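[1] Fold the following and give me the result.
(chains A and B)
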Number of protein chains: 2
Amino acid sequence: MESREVQLRQRPVGMPENEDFAVASVEVPDPRDGQVQVRNVCMSVDPYMRGRMVDRKSYVPPFQIGETLTGGAIGQVVRSRDGDFVEGDYVQSNNGWREAFTADGNALTKLGNLTAPASAYLGVLGMPGMTAYVGLLEVAALKRGETVFVSGAAGAVGSIVGQIARLRECRVLGSAGNADKVAWLTNDLGFDYAFDYHGGDLLNHLREGAPDGLDVYFDNVGGDHLQAALFHMRPFGRLSLCGAISMYNDTEPSPGPNNLTMAIGLGLTLRGFIVSHFSHLNEKFRSDMESWVASGEIKYSETVLNGIDRAAEAFIGLFTGVNTGKMIVNLED
Amino acid sequence: MESREVQLRQRPVGMPENEDFAVASVEVPDPRDGQVQVRNVCMSVDPYMRGRMVDRKSYVPPFQIGETLTGGAIGQVVRSRDGDFVEGDYVQSNNGWREAFTADGNALTKLGNLTAPASAYLGVLGMPGMTAYVGLLEVAALKRGETVFVSGAAGAVGSIVGQIARLRECRVLGSAGNADKVAWLTNDLGFDYAFDYHGGDLLNHLREGAPDGLDVYFDNVGGDHLQAALFHMRPFGRLSLCGAISMYNDTEPSPGPNNLTMAIGLGLTLRGFIVSHFSHLNEKFRSDMESWVASGEIKYSETVLNGIDRAAEAFIGLFTGVNTGKMIVNLED
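    From the prediction side, this is the model:
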């Protein structure tokens, strides 16, 4: 069995480009005892992967030049020599950026009964949804009726953050990158206030949307967004530091917010996290979120590009704002 | 009765200067019913007062030009028309920067039985000691045996932070502004590692003093210190944001740490606080700290300047590093 796979051809400098990636054809080995052969149905591209393309120590080791990239994927078992899997089983793995693979069964997660399309398990029911869930409810310790601002609000994480906050009867503000996304947030997802951050003066928007200040800021963006939010926090506010997409393509370290000392007088808490810190909540998340999605209380959107050849384009599109909701690369014919 | 008092003559720009302050003589009114007349024994100068000399909204309102400054003071009752006070009682008030005053009895805190010299109630047994206590044990949630770094370690707060951490069997690192202070930290206070920050390369010092990284950073300094500490935190480390003395005389906002995004992967928590957020712990603090001071488990040092005429000099000295431990202005003859 052949698999086309995306390899890191060279390390991106600044904004990633198509030339930084190469598609290669690879022979997929037959499964040995305890192994499973899987054909991917869809794969994920996520902003955090940009950090792994830089050669530096971080919470995940860097990708190596010439190696096939990895990331979230949903696939179906083609051949199994592991008693826990049968042909047709849907599995979640970290073996994205490729059409097919063979792996030890115990490195895969069997999804069991799907209550939504497979791609949803890369988004609202997968890592981004879980990130929103724990970042808001655990890290920021959201309380009913508070005022919440989320940046990157039309993204895979932000769009779920806002809706969970609405379910908790919170006032929700969101920033996004164009007018269509802003309209989607307020018209379809129930955000109380949304704005296009390209208009500048973030702080004025926050004052207009939340005259009494913010209790929680869910940061996907960093940079100016974090600084503006700090200026508008209420006493004892919490800032959930999830991502900093505005800074991921910086070639030099960027200065932090110039008003971090406001945290002292206001008693603010800034807390960083990644989703794997909360894996003990995986089952509770899946149960809660599947029920919210099934009932329509939480909606989701996907931007889908077809074929492994478009995986690099999909990844780059995360930084130019191509996606509304989750960016998915469909790998089915 | 006459009182000499220190007034704000003009708002300091950058480093405060003697000319920014003026000493005036004021008549102290006789106490009316419910009031008490007090002669101050000593007064406190503290770094946070610098922020109140700027005309901006903050957690305490700014000082006004021409008005007598305020701040912590310990005094003795001279005349009382409040049944709760008798002549000779020691009282704690916010009526510092003056030799004497008359105030409502219910605006004063009666100290009761002093177990240490009066000035200690402006330092180790007062606001700075309480700041160290809650900032380390509550805000940073220090655990036994962790590794702690405190900046401004020879100051009124930092010197107590380090010793409380030692009592919890922690490894303790501290930075200070000259060799004598560094020697005091390691020889007298039991710090495991101390260094003069003027030598530069803070991060190298942290690596040498804490090869396995930091669990807790108690920040009195901000700026380069905060950035260096962030680079050396262990997973799930906590940063207690107490002060930023390196930035208090800045005339422009200074950029924040350029590595704040490290908080994401490491799951770090940065939490700001002021001591008044924890006033429910006042009694527990006083009881614990009086016993630690009495047993010699916690030592303290004071730098004492005599007379109200030297109050401005004492205040300015906080920023040039004149003090080891608590800076006190003695107001007794």
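
[2] Would you mind listing what in the stretch 51-200 of chain A touches chain B?
    Within the stretch 51-200 of chain A, the residues that sit near chain B (Cβ under 8 Å from any Cβ of the partner chain) are A:58, A:59, A:60. In this view, the C-beta of every residue, glycine as well, is placed from N, C-alpha and C.

[3] out of those residues, who's nearest chain B?
    residue A:59 (3.2 Å; Cβ to the nearest Cβ).

[4] Can you go through the residues of the stretch 51-200 of chain A next to chain B and name the buried ones?
    residue A:59 (16 or more other Cβ atoms under 10 Å in any protein chain shown).

[5] could the residues of the stretch 51-200 of chain A next to chain B go into JSON lines alongside secondary structure and pLDDT?
    Formatted as JSON lines, those follow (DSSP: H, G, I helix; E, B strand; the rest coil; pLDDT from 0 to 100):
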{"residue": "A:58", "secondary structure": "coil", "pLDDT": "73"}
{"residue": "A:59", "secondary structure": "coil", "pLDDT": "71"}
{"residue": "A:60", "secondary structure": "coil", "pLDDT": "77"}
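
[6] which stretches of the stretch 51-200 of chain A form helices?
    A:127-134, A:158-167, A:179-183 (DSSP state H, counting those that start in this stretch).

[7] closest one to residue B:265 among these?
    Shortest separation from residue B:265 across those is recorded for helix A:127-134, at 13.2 Å, computed as Cβ to Cβ.

[8] who's in contact with the closest one?
    A:44, A:46, A:72, A:122-123, A:155-158, A:160-161, A:164, A:218, A:242, A:273-275, A:277-278, A:281-282, A:285, A:288-289, A:300, A:326 (Cβ atoms under 8 Å, 6 or more residues apart in numbering or on different chains).

[9] picking up where we left off before, how about the helices of the stretch 51-200 of chain A in JSON lines, adding mean neighbour count and distance to residue B:83?
    Output for the helices of the stretch 51-200 of chain A, formatted as JSON lines (neighbours: other Cβ atoms under 10 Å in any protein chain shown; distance: least, Cβ to Cβ, whole Å):
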{"stretch": "helix A:127-134", "mean neighbour count": "26", "distance to residue B:83": "56"}
{"stretch": "helix A:158-167", "mean neighbour count": "27", "distance to residue B:83": "53"}
{"stretch": "helix A:179-183", "mean neighbour count": "17", "distance to residue B:83": "65"}
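
[10] Any chance of TSV for those helices, columns mean pLDDT?
    Formatted as TSV, those follow (pLDDT from 0 to 100):
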stretch	mean pLDDT
helix A:127-134	98
helix A:158-167	98
helix A:179-183	97
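
[11] Out of the ones you listed, which gets nearest to residue B:27?
    Of those, nearest to residue B:27 by Cβ to Cβ is helix A:158-167, at 58.2 Å.

[12] Could you list every helix and strand in contact with that closest one?
    Secondary-structure packing of helix A:158-167 (3 or more Cβ pairs under 8 Å, 6 or more residues apart in numbering or on different chains; DSSP states H and E): helix A:127-134, strand A:147-150, strand A:171-176, strand A:214-219.

[13] Can you name the residues in contact with that helix?
    A:124, A:128-129, A:132-133, A:135-137, A:142, A:146, A:148, A:150-153, A:172, A:174, A:176, A:185, A:189-191, A:216, A:218, A:220, A:292, A:297-301, A:325.

[14] just the angle between it and strand A:171-176, please?
    Angle of helix A:158-167 versus strand A:171-176, following axes from the mean of the first three to the mean of the last three Cα atoms, to 10 degrees, is 170 degrees.

[15] Next, the angle from helix A:158-167 to helix A:127-134.
    Using the same axes, to 10 degrees: helix A:158-167 against helix A:127-134 is 30 degrees.

[16] Alright, that wraps it up for me.
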